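Trainee: Sequence first, then the predicted structure:
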Amino acid sequence: QVQLVESGGGFVQAGGSLRLSCAASGRGFSNSAMAWFRQPPGKEREFVAYINLSGDNTVYADSVKGRFTISKDNAKNTVYLQMNSLNPEDTAAYSCAAGRRYGVDVTSTRYYAYWGQGTQVTVSS
């Protein structure tokens, strides 16, 4: 089992920045890729960013490319999402996910077995 706890969400004005953290614990983390997803109000959960086991490969949704950066600190079992140039369309509940399922796209929720509770990000115009 892997436990994931997000932090760092909050309120920010458009153009501002936030850094989300996802602290992982439990067996299985060392074999898991990590990702961030978000769920805007009234919409379905959507992929944001992915980082592989070794941290040398990342994938981003087109909507955040160039503004968001995913990174990980294996020594701290923590994954980060640095979010810059935020706009109101980035308002959502952000969740981190862990897992690795071969044959499934890394942008799919089905790739991941473990999920955090989420942290709210609200961007005002």
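Mentor: Alright, I've got the coordinates.
Trainee: quick one: stretch 96-115 to chain centroid distance?
Mentor: Taking C-alpha atoms, centre = their mean, to the nearest Å, one finds stretch 96-115 lying 12 Å from the centre of the chain it belongs to.
Trainee: er, stretch 5-14 actually
Mentor: Averaging C-alpha positions (C-alpha atoms, centre = their mean) puts stretch 5-14 12 Å from its chain's average.
Trainee: Kindly check the end-to-end length of it for me.
Mentor: Here the two ends of stretch 5-14 are set 26 Å apart, with distance taken as C-alpha to C-alpha, to the nearest Å.
Trainee: Name the residues that touch the helix or strand containing residue 19?
Mentor: Using DSSP states H and E, residue 19 maps to strand 18-25. Residues outside strand 18-25 that contact it (C-beta atoms under 8 Å, 6 or more residues apart in numbering): 2-10, 12, 32, 34, 36, 76-83, 86, 94, 96, 98, 116, 119, 121. C-beta coordinates here come from the backbone N, C-alpha and C atoms, glycine included.
Trainee: Just the ones of the residues you listed in strands?
Mentor: 3-7, 10, 12, 34, 36, 78-83, 94, 96, 98, 119, 121 (DSSP state E).
Trainee: List only those of these flagged as buried.
Mentor: When these are checked for burial by 16 or more other C-beta atoms under 10 Å, the buried set is 4, 6, 12, 34, 36, 78-81, 83, 94, 96, 98, 119, 121.
Trainee: Nothing else from me, thank you.
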